[in-house]
Structures are given as C-alpha cells and as structure tokens.
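> This is a predicted model, with the sequence first.
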Amino acid sequence: MTDLVNLWVYLSGSPLLWLTATLTAYVVAEAISAACKRHPLANPVLIAVVLVSGLLLASGTPYPAYFAGAQFVHFLLGPATVALAVPLVRHLPQVRRALVPMLVALAAGSFTAIASAVLLARAFGLDRAAMLALAPKSSTAAIAMGIAEKTGGDPALTAVLVVLTGISGAIIVTPLMNALRLKNYAARGFAAGLASHGIGTARAFQVSPLAGTFAGIALGLNGLLTALLVPVLLRWLVD
C-alpha cells in the first residue's frame, strides 16, 4: 500500500498524468456513447467530465494542479476551431444558398442568447457578477472567457457556464428538433452550433456531416457577434 501511495505521489507531480487521464476519460466516454448508439443523454463530453471530476475528488487534486497538465487540450481548442474550415469548403454550395437565412438566424439567435441569459439572471435575483459571466455563455469557451474578462466578469465561472450550456444543448438538440419535425440538417446544425458552440457542433457532426458543417459556421460567427454585442447589451441590460 505504501508503494502505491509513493507511486501516486510521484505520478501526480508529472504534467503528463492529467493529460493522459483526460484523454483516457474521453476515450472511455466515447466508447460508452457508441455502445449507447449515440443516445443524446450519453454525451461523451458529459461522461468524460464526470469521470475526470470523480478522479479529482477521489485524489484530492486541486484544479490548478490538474490544469497544469491538461492545458495542452485547452490549447488545441484553437486549431480544432480553425479545422472546421475543411467541411465548410466541402459544403460551400449549400452554404452560399443559405447565406441570407443564416445571417438572419445568427442575429436573432445571438441577441436572444445574451438577452435571455441576463434577463433571467435578473429575474432570479442573481448579482451583477453572475450576469456578466452568463452573458457570453453561448459562444465558444476561449471567446467567452475573453469577453468575461473584458467586461468585469469571472472567466472561470464563465467557462463552467459555457460547458454546461454546451452539454445541455447537445443533449436537448436532437429530441427538440425531432419534436419540431425539423428535417433540414443544415438548419438543425446551425441551431446547435449557435446555441451550444463546440459541444453542440461535435454532436451535430455525429448526426450528419452537413449539420456539423453548419454548426461550425454558427460557432465561429456567433463568437464574433457575441464579442460585439455583449458590451453594448450589458450597458442596456445591467448598468
């Protein structure tokens, strides 16, 4: 037993430990999701979060120590977002035909995501800090954290809210679209990417390459528009 404790102490000091643990958790989560035939509730990100969180709690590892090892995954968010240009090029004719509806949906969706989050926070009596953290929740993590930092919010809280938004959106999107009888995968994907950023986009790619392409477009455009709208809307909704 002493040898195992000593081994754990040695390994916990290596940054590669938590990188390996994160990747392993996702591989296991992906296998579980595949075994469940990609059921919306068997979201691999959600499962991986639960697995890693359980390991951190069991080992008593603080988040800064974990992030020191797993930050390489965080770094890859940027290249992964840029790589969404590949399916965009493949489906460029469909994108061109849907350009005007996409821009209208983008403006309506981005405004609604920001305003509804802040107004609901006010209705439930949350403080100003919570409103600032909630406002950019539907944009991708890197952009949302930057927006929160610039507007006086807590980037760490924003990151948590972004992940929760993405997971809930990825779980809800397929049953909701089926209930609405929306069969256009371009529209389904755009809605998923706009409302639940990267995690919703990953779910869209599981359903259809076309849906994933439009989700990726929505993810990028909504990040840009959110960065422009949040400072303006916060002056109206919060200050």
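That came through, no problem.

> Break the chain down into its structural domains.
Per automatic domain parsing, the domain ranges recorded for the chain read 1-74, 76-239.

> Quickly compare these and say which is most buried.
Neighbour counts (mean count of other C-beta atoms under 10 Å) averaged over each of the domains of the chain peak at domain 76-239, with a mean of 19. Just so you know, the C-beta spots here come from the backbone N, C-alpha and C atoms, and that holds for glycine as well.

> all helices for this structure, in order.
Remark: helices assigned in the chain by DSSP state H are 2-12, 15-35, 44-59, 63-75, 77-82, 85-90, 92-97, 99-123, 128-134, 141-151, 155-179, 185-207, 209-237.

> Can you add mean pLDDT and give those back as TSV?
Listed next are the helices of the chain as TSV, based on pLDDT from 0 to 100:
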stretch	mean pLDDT
helix 2-12	57
helix 15-35	86
helix 44-59	88
helix 63-75	75
helix 77-82	69
helix 85-90	73
helix 92-97	82
helix 99-123	91
helix 128-134	88
helix 141-151	86
helix 155-179	88
helix 185-207	88
helix 209-237	87
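
> Please measure how far the first residue of stretch 175-189 sits from its last one.
Terminal residues of stretch 175-189 lie 13 Å apart, using C-alpha to C-alpha, to the nearest Å.

> Run the chain-centre distance for that stretch.
Here the centre of stretch 175-189 is set off from its chain's centre by 20 Å, with C-alpha atoms, centre = their mean, to the nearest Å.

> Can you report phi and psi for Lys37?
Torsion angles at Lys37 (phi, psi; degrees, to the nearest 10) stand at phi 60, psi 40.

> quick one: pLDDT of it?
With respect to pLDDT, Lys37 scores 84.

> Would you check that my belief about Ala170 contacting Ile199 is correct?
Yes - Ala170 lies in contact with Ile199 (C-beta atoms under 8 Å); the separation is 4.9 Å.

> Need the residues touching each of those two.
Residues touching both Ala170 and Ile199 (C-beta atoms under 8 Å, 6 or more residues apart in numbering): Asn43, Val45.

> Quote the end-to-end distance of stretch 172-190.
So stretch 172-190: terminal residues 14 Å apart, C-alpha to C-alpha.

> got a list of contacts for that stretch?
With contact meaning C-beta under 8 Å, 6+ apart, stretch 172-190 is reached by 40, 94, 98, 102, 105, 191-192, 195-196, 200-201, 203-204, 207-208, 210-215, 217-218.

> Now with 6 Å, please.
With C-beta atoms under 6 Å, 6 or more residues apart in numbering as the test, stretch 172-190 has contacts from Pro40, Ala98, Ala192, Ala204, Ser208, Leu210, Ala211, Gly212, Phe214, Ala215, Ala218.

> Take the residues you listed and lay them out in JSON lines including distance to Ala130.
Listed next are the contacts of stretch 172-190 as JSON lines, based on distance: C-beta to C-beta, whole Å:
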{"residue": "Pro40", "distance to Ala130": "28"}
{"residue": "Ala98", "distance to Ala130": "36"}
{"residue": "Ala192", "distance to Ala130": "25"}
{"residue": "Ala204", "distance to Ala130": "29"}
{"residue": "Ser208", "distance to Ala130": "36"}
{"residue": "Leu210", "distance to Ala130": "37"}
{"residue": "Ala211", "distance to Ala130": "32"}
{"residue": "Gly212", "distance to Ala130": "32"}
{"residue": "Phe214", "distance to Ala130": "31"}
{"residue": "Ala215", "distance to Ala130": "28"}
{"residue": "Ala218", "distance to Ala130": "26"}
